[in-house]
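**Q** I would like the atomic coordinates for the input below:
(2 chains)
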Amino acid sequence: MRNLTDALKQVERNDPPDLWPLVQSRDVRALAPSVETHPRRWSTILVAAVISILALGFAWKAFGSGPVTAGAEPTATTSSSDSTPSVDGTIHVQNGPEHSTGADSGEFAPPPAGSQPALSAHEALDVFFQDNPGIQFNQSDIRSLSIGSYTSVQADGSYLFQDRLAYGVELHTCATLAPPSCDLWIFLDADTGHMLESAWRP
Amino acid sequence: MNETTAAVDDIESLYRQDGDRLWWAVLAWAGDQEVASDAVAEAYAQALRRGTELRDPGAWVWRVAFRIAAAELQRRRRLFLLQKAAYEMPEPPEIFAALSQLSDRQRAAVVLHHYAGYRLREIAEILGTQKATVGVHLTRGRRRLRQILEEEDA
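**A** Next up is the predicted model:
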């Protein structure tokens, strides 16, 4: 039996770069906060987040979904989240490359009754395109847009997302890493617009 | 020499002494040189910023580098269907292909224990999990990796 330590030593065939100039050149003051947890800092962030969410919810209720300025024009929705249809039944998707071990899986199911997303589908798509300026697809690629509850389970059984209120955008496009399907989905957090995952339907 | 200069010198010494090993460990785990370089550089840059605040900068940079790499992999994973493949398998590809067949947590436990030489308690600190959990992932991961390598040898 091959010794695991010896086998792993093979990674040293890759020449490590001298990263010290890069370390020094980084303006560390502009970097994101450290991933170290700090109770006081996190409590501050939590309070700020709660206030922001409440303010966003108030603004949404008071002023509606507001103008849409960018992004794709979905074919199956309007500018109001209220009129975005719920997903029809439960959709099963895969969200890992086909060759990966125990590909992760996801489920997009009808949302709980009375769910109130903070963003309309249009607003969520705008956030998505702002987050991912290099990602493009055409209006004609969008097959459907619906709201639902998204759950993603990793290969080891742990949840990446559980019952997250999300917009599911179904795309017909094959210009990707070539999963065995051209039926692709992206799931956008219905409260923030940020993408949860991209997935494909077997 | 003032305190700040001394702290910078200490971090640079730490990088010169341990930076390559950390880079190889993150590379073995992430399978991507760009992710490894970015995570390691970022971790040492953050250590520089903190200077004398860190009690054990050596352990701290390992923990932060793995977490930064994990965040980047998570980001890439979310986008994988919408991006073109630009992945260049490091050398030799066989060991990375074998490692890629382990789950993220199994691979982390195996790399940190069998490559970097950390004990379960230390790995648990780096990964922010429980020692018992690391033990489970390590046992399963090394069993699976041995099986894969034996199949390759056969």
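
**Q** low pLDDT regions in chain B?
**A** Low-confidence segments of chain B, defined by pLDDT under 70: B:1, B:3, B:77-88.

**Q** quick one, helices of it?
**A** For chain B, the helices defined by DSSP state H occupy B:3-30, B:33-50, B:57-79, B:93-99, B:104-110, B:120-127, B:131-153.

**Q** quick one: which of the ones you listed is nearest A:E170?
**A** Of all the helices of chain B, it is helix B:57-79 that lies closest to A:E170, at 16.9 Å by C-beta to C-beta. Where you see a C-beta, it was placed from the backbone N, CA and C, and this is true even at glycine.

**Q** residue contacts, the residue positioned nearest the centre of chain B?
**A** For chain B, B:V26 is the residue whose C-alpha lies nearest the centre (C-alpha atoms, centre = their mean; 3.0 Å). By C-beta atoms under 8 Å, 6 or more residues apart in numbering or on different chains, the contact set of B:V26 is B:35-36, B:39-40, B:65-66, B:69.

**Q** partner strands of the helix or strand that contains A:F108, parallel or antiparallel?
**A** Per DSSP states H and E: A:F108 is located in strand A:105-109. If you go by DSSP bridges, strand A:105-109 pairs up with strand A:91-94 (antiparallel), strand A:142-153 (antiparallel).

**Q** for stretch B:35-50, C-alpha coordinates in PDB please.
**A** Listed in PDB are the C-alpha atoms of stretch B:35-50, where the atom choice follows Å, rounded to 0.1, in the frame of the first residue of the first chain:
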ATOM      1  CA  VAL B  35      -6.800  29.900  -5.200                       C
ATOM      2  CA  ALA B  36      -3.800  28.700  -3.200                       C
ATOM      3  CA  SER B  37      -1.700  31.800  -4.000                       C
ATOM      4  CA  ASP B  38      -4.600  34.200  -3.400                       C
ATOM      5  CA  ALA B  39      -5.600  32.600  -0.100                       C
ATOM      6  CA  VAL B  40      -2.000  32.400   1.300                       C
ATOM      7  CA  ALA B  41      -1.100  36.000   0.200                       C
ATOM      8  CA  GLU B  42      -4.300  37.300   1.700                       C
ATOM      9  CA  ALA B  43      -3.800  35.400   5.000                       C
ATOM     10  CA  TYR B  44      -0.300  36.800   5.400                       C
ATOM     11  CA  ALA B  45      -1.500  40.300   4.400                       C
ATOM     12  CA  GLN B  46      -4.100  40.100   7.100                       C
ATOM     13  CA  ALA B  47      -1.500  38.900   9.600                       C
ATOM     14  CA  LEU B  48       0.700  41.900   8.700                       C
ATOM     15  CA  ARG B  49      -2.300  44.200   9.400                       C
ATOM     16  CA  ARG B  50      -2.800  42.700  12.800                       C
END
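
**Q** ok, back up a step: need the contacts of B:V26 in JSON lines (columns: distance to B:M89 and neighbour count).
**A** As requested, those are exported to JSON lines (distance: C-beta to C-beta, whole Å; neighbours: other C-beta atoms under 10 Å in any protein chain shown):
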{"residue": "B:V35", "distance to B:M89": "13", "neighbour count": "20"}
{"residue": "B:A36", "distance to B:M89": "13", "neighbour count": "28"}
{"residue": "B:A39", "distance to B:M89": "18", "neighbour count": "28"}
{"residue": "B:V40", "distance to B:M89": "19", "neighbour count": "31"}
{"residue": "B:A65", "distance to B:M89": "21", "neighbour count": "28"}
{"residue": "B:F66", "distance to B:M89": "21", "neighbour count": "26"}
{"residue": "B:A69", "distance to B:M89": "17", "neighbour count": "24"}
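
**Q** of these, closest to B:A132?
**A** The nearest one, if we look at the contacts of B:V26 relative to B:A132 and count by C-beta to C-beta, is B:F66, at 19.2 Å.

**Q** leaving out sequence neighbours, find the closest residue to the closest one.
**A** B:I126 (5.8 Å; C-beta to C-beta, 6 or more residues apart in numbering or on different chains).

**Q** tally of neighbours for B:A132?
**A** Neighbour count of B:A132, defined by other C-beta atoms under 10 Å in any protein chain shown: 9.

**Q** state the distance from it to chain A.
**A** For B:A132, the distance to chain A (C-beta to the nearest C-beta, to the nearest Å) stands at 15 Å.

**Q** that residue and B:T139, how far apart?
**A** Distance, B:A132 to B:T139, using C-beta to C-beta, to the nearest Å: 11 Å.

**Q** now do A:N95
**A** Taking C-beta to C-beta, one finds A:N95 at 27 Å from B:T139.

**Q** looking at these two, which is more packed in?
**A** When A:N95 and B:T139 are compared on other C-beta under 10 Å, the one with more neighbours turns out to be A:N95, at 25 against 13.
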